[in-house]
Each structure stands twice: as structure tokens, then as C-alpha cells.
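>>> Task: produce atomic coordinates for the following.
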Amino acid sequence: MTRMQRLLMNLFDGWFQMRRRFPKSLLDDMTIAIAEGERGHKGEICFAVESRLAPLAVLEGLDAHRRAQQVFAQLHVWDTEHNSGVLFYVLMAEHRVVIIADRGIATAVAQHEWDSVRDHMLTRFAKGAWREGCLDGIDEAHALLKRHFPGNDKAKPDELPDRPVLL
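Model (predicted):
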């Protein structure tokens, strides 16, 4: 995809539908799904949704993956005791989902497993099933974390906010 195509997408492609695609009821359900799932593993899930990138940032070459890395740092996803943060980053205008796992998780869960979660989410989103895409993605992430990064310490602190962040 060229920068011009990306620029046009960020200017005109559906980014204005954030509140419709991510209503309060979905954000509430996602918060519950994240909190409940985290009880079964050592991971910490953070979910961020951004409507679009600034035109100048697109022209300067900022893409969804680099922006996700910035958001990972901005939201302190790296700042957990076991380096166990996982960021779901959704860039609505470009129809992109990036999943970044901190180094503690990345040593246990292969990137192709995260890519599979991302692909399932994108398939749901393409069909307009935003709720199902988000909740299924969260469930799949919990299943991966339970398998590769288990732990059911009930006293484990909740180190990252469970509520999705709208940027």
C-alpha cells in the first residue's frame, strides 16, 4: 500500500465510526473479558483502539506497527513484573490489528500464534462483527497465555488497566 493510499484511508475511511463500532457496552464487555481471563495466567492484556493517524505522520512514514510500538511504550505495557504485557492495537482507518507481546511473553508464545489471533479478528471485522472480533481475540489471547504462561495466583496484582483505551 502506498503512502498516498494510506493517507486517503486515514483521511476518509471509516475512522469516524469509532463510537458506533466500539460503544460503551462493548468496552464494558471487553473490560470484563480481560479482567476475568487474566485470573488464569501471568499475562496482562491491554487493548487500544485508534481511529486514524495524523496526515503528517502518515506522510513521514509512520505505519500501524511502529505506531503500536509507540502506544506500547506510552501505555507502559512493558512495565509489568514478569514482562508479561500484551498490547492489542487496532488502527481503524487502515483496517490494521497489531499484537505486541513483551519479552517475557514473546519467549513463550511464537509470533505466528499472535498472527493467527490477529487474522481471526480481521476476518470478523471485515464482516462488520466488531464485538465478536474483539471478544474472540481476547479469548484466544487468554487461551494462549494459559497454555504458555500459566499461573493462577489469585493475589497477582492487576498491573495494566483492563478497560480498552480509545486514542
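
>>> for stretch 21-39, which positions count as buried?
If you call a residue buried by 16 or more other C-beta atoms under 10 Å, then stretch 21-39 has these buried ones: 21-22, 27, 29-30, 33-34, 37-38. (Each C-beta comes from the backbone N, C-alpha and C, glycine too.)

>>> okay if I get those as a markdown table plus secondary structure, pLDDT and distance to Phe72?
As requested, the buried residues of stretch 21-39 are exported to a markdown table (DSSP: H, G, I helix; E, B strand; the rest coil; pLDDT from 0 to 100; distance: C-beta to C-beta, whole Å):
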| residue | secondary structure | pLDDT | distance to Phe72 |
| --- | --- | --- | --- |
| Arg21 | helix | 94 | 22 |
| Phe22 | coil | 96 | 20 |
| Leu27 | helix | 98 | 20 |
| Asp29 | helix | 98 | 24 |
| Met30 | helix | 98 | 18 |
| Ala33 | helix | 98 | 20 |
| Ile34 | helix | 97 | 16 |
| Gly37 | helix | 94 | 20 |
| Glu38 | helix | 93 | 18 |
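
>>> For Asp136, state which of those residues is nearest.
The closest of the buried residues of stretch 21-39 to Asp136 turns out to be Ala33 (C-beta to C-beta; 9.8 Å).

>>> Which residues are in contact with that closest one?
135, 138-139, 142 (C-beta atoms under 8 Å, 6 or more residues apart in numbering).
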